[in-house]
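structure for the following, please:
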Amino acid sequence: MQRSCLVLFSGGLDSILACKVLQEQGIDVIGIKFITPFFSYQLRDEQEAQRYREQVLQKYGIRLEIADITEEYLKMVTRPSHGYGRYLNPCIDCKILMVKKAISLMESYGASFIATGEVLGQRPMSQRRDTLRIIERDSGAEGLLLRPLSAQSLKETIPETQGVVDRLRLPAITGRSRKEQIRLAERFGIKDYPAPAGGCVLADPILSKRFRRVFERWPDFTAKECVLAQTGRHFLLPGGSWLVVGRNKAENAVLEGLLEKGDVVLKARECAGPLCILRRMGAREDVKLSAAICARYAKKKELPITIGVARVMGQEETVEVMEIPADEEIQGMMF
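Model (predicted):
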């Protein structure tokens, strides 16, 4: 059996340590960083990806590959077989998908097994003993999935029984305390590592509600719309349209990069203000209401306020806003 493996690499301390304890045994480790619109999506940009690879190699001595699993993830996220966590986070199905994908990549990287930074008992949903077993079974990774940080507290895997990995040199960490991980980090000289917090926006209490609304109302949602849902103020208008309003200059720039054919773009003509995107337009009346909401957040306070309205790549028209909706009305449409 080859002394090489793929390690699911989140960038958190546990995944870093999983790589290091295996490297310590002379195993060739390749970290696999999976990306979706809900986590690490900025790494779709090749320059960002290369910067990140170099940073991980320099800081931790870990070779890293990046794999986009957006297509598979979007099919899974609205109907996860094992349900959601506290919010809209499909943690068990997410891990099953990633392990299954890693298994499919083993041959191309010359790897003989898969490893993760999971710790028995650390997370109440996805890292219970029974759940770890489900992940292994449903991903098709039985015997090939090693959790090195908890190895001595779990059933032996094939790389251990075959002597590829020395089980006795692996930790037996369990539970929610981080003391053992911190000790390991000190031993490996790892000082600069992220705080233990989830990077998945599906576990965010506010964003998860918005995603649920998007998934239910527009079942044909796209990856770009999952990114769009994370930026700005969001409104569901009476005619069924989705309005997104930038909150600052940085968000305006992000929204501009998310424009698609069919969008209506609104912006104040005479003063600074938000970039607004009217997506999935329903009733024509929603354009006029969108202009009024756009005016509400513009810097000019004297009426009338002129709002430029244009289809993407289309000719701009203007709407003179003579009346701003009451804040209570606006807030009632926010989601």
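
residue 5: which element?
Using DSSP states H and E, residue 5 sits within strand 4-8.

show me how far that strand is from its chain's centre.
Chain-centre distance of strand 4-8: 21 Å, with C-alpha atoms, centre = their mean, to the nearest Å.

which parts of stretch 319-326 are buried?
Buried positions in stretch 319-326, judged by neighbour count with 16 or more other C-beta atoms under 10 Å: 319, 321, 324-325. Every C-beta, even on glycine, is put in place using the N, C-alpha and C of the backbone.

what does stretch 275-292 give?
Neighbour counts using 16+ other C-beta under 10 Å place 275-281, 286-287, 289-292 of stretch 275-292 among the buried residues.

do a quick rundown of the strands in this protein.
In the chain, the strands defined using DSSP state E lie at 4-8, 28-35, 63-68, 113-115, 145-146, 233-236, 242-245, 264-268, 276-279, 305-311, 316-321.

including distance to residue 172 and mean pLDDT, could the ones you listed go into JSON lines?
Shown next, in JSON lines, are those (distance: least, C-beta to C-beta, whole Å; pLDDT from 0 to 100):
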{"stretch": "strand 4-8", "distance to residue 172": "19", "mean pLDDT": "98"}
{"stretch": "strand 28-35", "distance to residue 172": "20", "mean pLDDT": "98"}
{"stretch": "strand 63-68", "distance to residue 172": "27", "mean pLDDT": "98"}
{"stretch": "strand 113-115", "distance to residue 172": "15", "mean pLDDT": "98"}
{"stretch": "strand 145-146", "distance to residue 172": "13", "mean pLDDT": "98"}
{"stretch": "strand 233-236", "distance to residue 172": "46", "mean pLDDT": "98"}
{"stretch": "strand 242-245", "distance to residue 172": "49", "mean pLDDT": "98"}
{"stretch": "strand 264-268", "distance to residue 172": "57", "mean pLDDT": "98"}
{"stretch": "strand 276-279", "distance to residue 172": "51", "mean pLDDT": "98"}
{"stretch": "strand 305-311", "distance to residue 172": "61", "mean pLDDT": "96"}
{"stretch": "strand 316-321", "distance to residue 172": "65", "mean pLDDT": "96"}
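
now these in TSV, with distance to residue 188?
Output for the strands of the chain, formatted as TSV (distance: least, C-beta to C-beta, whole Å):
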stretch	distance to residue 188
strand 4-8	15
strand 28-35	13
strand 63-68	16
strand 113-115	16
strand 145-146	18
strand 233-236	43
strand 242-245	44
strand 264-268	50
strand 276-279	46
strand 305-311	55
strand 316-321	58
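
would you format the buried residues of stretch 275-292 as TSV with distance to residue 252 included?
What follows is the buried residues of stretch 275-292, written out as TSV (distance: C-beta to C-beta, whole Å):
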residue	distance to residue 252
275	4
276	9
277	10
278	15
279	15
280	20
281	20
286	21
287	19
289	20
290	15
291	17
292	19
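
of all these, which two lie farthest apart?
Farthest apart among the buried residues of stretch 275-292 by C-beta to C-beta are 280 and 292. That separation is 19.1 Å.

tally of neighbours for residue 314?
The local packing of residue 314 (other C-beta atoms under 10 Å) involves 12 other residues.

how close does it get to residue 230?
With the distance defined as C-beta to C-beta, to the nearest Å, residue 314 ends up 26 Å from residue 230.

same question, residue 311
From residue 311 across to residue 230, the span is 24 Å (C-beta to C-beta).

and the closest residue to residue 321 other than its chain neighbours, what does it touch?
Spatial nearest neighbour of residue 321, excluding adjacent residues (C-beta to C-beta, 6 or more residues apart in numbering): residue 295 at 4.0 Å. Contacts for residue 295 (C-beta atoms under 8 Å, 6 or more residues apart in numbering) come out as 268, 273, 305, 307, 321, 324.

and the residue nearest to the fourth one when sequence neighbours are not counted, what's its pLDDT?
Spatial nearest neighbour of residue 307, chain neighbours left out: residue 291 (4.1 Å); criterion: C-beta to C-beta, 6+ apart. Predicted confidence (pLDDT) at residue 291: the value is 98.

tell me if I'm right that residue 85 and residue 125 touch.
Yes - using C-beta atoms under 8 Å, residue 85 is in contact with residue 125, at 4.8 Å.

higher neighbour count, the two?
Shown here are residue 85 and residue 125; by other C-beta under 10 Å, residue 85 has more neighbours (21 against 15).

got the contact list for the more buried one?
91, 125-126, 203.

residue closest to the middle of this protein?
Central residue of the chain (C-alpha atoms, centre = their mean): residue 39, 1.7 Å from the mean position.
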